[in-house]
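[1] Predicted model, plus sequence, below.
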Amino acid sequence: GENVEQHPSTLSVQEGDSAVIKCTYSDSASNYFPWYKQELGKGPQLIIDIRSNVGEKKDQRIAVTLNKTAKHFSLHITETQPEDSAVYFCAAMTTDSWGKLQFGAGTQVVVTP
Amino acid sequence: DTEVTQTPKHLVMGMTNKKSLKCEQHMGHRAMYWYKQKAKKPPELMFVYSYEKLSINESVPSRFSPECPNSSLLNLHLHALQPEDSALYLCASTLRDREGEKLFFGSGTQLSVL
């Protein structure tokens, strides 16, 4: 089955700096890669996603890149703000096993003012 | 609107109690899910309902019993739970937009089993 590795496990950045989280996956059949942000006491919130027919996607300060050959994808947050502090999860899935997300272990991001 | 509503937000129950978790969405999503999340861990899939029929059961113990009364509602019935079942229980559903289907989570029920 699919295995997703996520690094780093914790990330501390100064407000205004950029943050990068990297994930690798094992199943070449995976074709959908969402990123979730989870704040304390809340459910995971979908912040951006990318499908295997696209190499990069951007939404304001957040961008995701996908390298299918290397089987890795990354989340980039620019101009970080204190409200970006949360746990971020990457995930991978194949469309024939819809809803069966395989999550990475998570990255605790702390943005210090 | 991508809202998935879960009740209650918090639940404390004894090992002999019977309780139910509820999940609701009114966007016509075709599939609904239960995930379990332990502290500092990623969510783990428990059940998938597709068009109101159970399509995936990830070898979940029978003390957890899912039910999908209609396309908007999903329940999780709990009976004879163990303290190790304490966790955040998340409901999710699938919404299709221009790009394809996306999975959205509710805010969860924080369950404590005493």
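    Done, it's in.
[2] What's the local residue count around whatever residue of chain A ends up closest to chain B?
    Across chain A, the shortest distance to chain B (C-beta to the nearest C-beta) belongs to A:Phe103, at 3.4 Å. Every residue, glycine included, has its C-beta placed from N, CA and C. Neighbours of A:Phe103 under the rule other C-beta atoms under 10 Å in any protein chain shown: 24.
[3] Not counting residues beside it along the chain, what's closest to it?
    Nearest in space to A:Phe103, with sequence neighbours left out and distances taken as C-beta to C-beta, 6 or more residues apart in numbering or on different chains, is B:Pro42 at 3.4 Å.
[4] Tell me where chain B has strands.
    Taking DSSP state E, the strands of chain B run over residues B:5-7, B:10-13, B:18-24, B:31-37, B:44-50, B:53-57, B:64-70, B:73-79, B:87-97, B:100-105, B:109-113.
[5] so the residue nearest to A:Phe103 makes contact with A:Thr107?
    No. B:Pro42 is not in contact with A:Thr107 according to C-beta atoms under 8 Å; the separation is 10.8 Å.
[6] Would you mind listing what in chain B touches chain A?
    Residues of chain B lying close to chain A (C-beta under 8 Å from any C-beta of the partner chain) are B:2, B:4, B:6, B:31, B:33, B:40-43, B:45, B:48, B:50, B:56, B:88, B:90, B:92, B:94, B:99-108, B:110.
[7] quick one: pLDDT of the residue of chain A closest to chain B?
    We have a pLDDT of 96 for A:Phe103.
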